[in-house]
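Participant: Sequence first, predicted coordinates after that:
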Amino acid sequence: MPASDLGEQGWECPWSGPNGGQCVETKQLADGRIALRQSTDPTGPALIYTSEEIAAFVQGVKKGLADHLTIKVH
C-alpha cells in the first residue's frame, strides 16, 4: 500500500544507519499491525506486518539468521 495512505503522523525511526539518515521508519496501526517505509521515500510503498511477524523477524535477527544480509558483495 502507498505509505502516504497511512498519513504522516505516528512514523518513528527506531534505528538509523550510518548512511546519512536513510532508515526504515515504523508505524503502529490502529489494528495492531506494523507498517514499514523507507525514510527517503515517504510516499512510496509501505509494507504491513502483524506484530507476530515483526517479533519473529527480530528474534531471527538476534539469533544471527539475517547476518548474510549485511555481507558486502565486491
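Facilitator: Cool, got the structure.
Participant: Which residue is the nearest non-sequential neighbour of Gln28?
Facilitator: Ile34 (5.9 Å; C-beta to C-beta, 6 or more residues apart in numbering). Where you see a C-beta, it was placed from the backbone N, CA and C, and this is true even at glycine.
Participant: Just to check, that neighbour is in contact with Thr26?
Facilitator: Yes: the pair Ile34 / Thr26 is scored as a contact, 5.8 Å apart, by C-beta atoms under 8 Å.
Participant: any weak-confidence spans in this structure?
Facilitator: Across the chain, the ranges flagged by pLDDT under 70 are 15-21, 74.
Participant: rerun that using 80 as the cut-off
Facilitator: 14-22, 71-74 (pLDDT under 80).
Participant: can you give me the strands in it?
Facilitator: 24-28, 34-38, 47-49 (DSSP state E).
Participant: Out of the ones you listed, which is closest to Gly64?
Facilitator: Distance to Gly64, taken as C-beta to C-beta, is lowest for strand 24-28 among the strands of the chain, at 19.5 Å.
Participant: What is the closest one packed up against?
Facilitator: strand 34-38 (3 or more C-beta pairs under 8 Å, 6 or more residues apart in numbering; DSSP states H and E).
Participant: Give me the angle between the strand it packs on and strand 24-28.
Facilitator: Here the directions of strand 34-38 and strand 24-28 differ by 150 degrees (axes from the mean of the first three to the mean of the last three C-alpha atoms, to 10 degrees).
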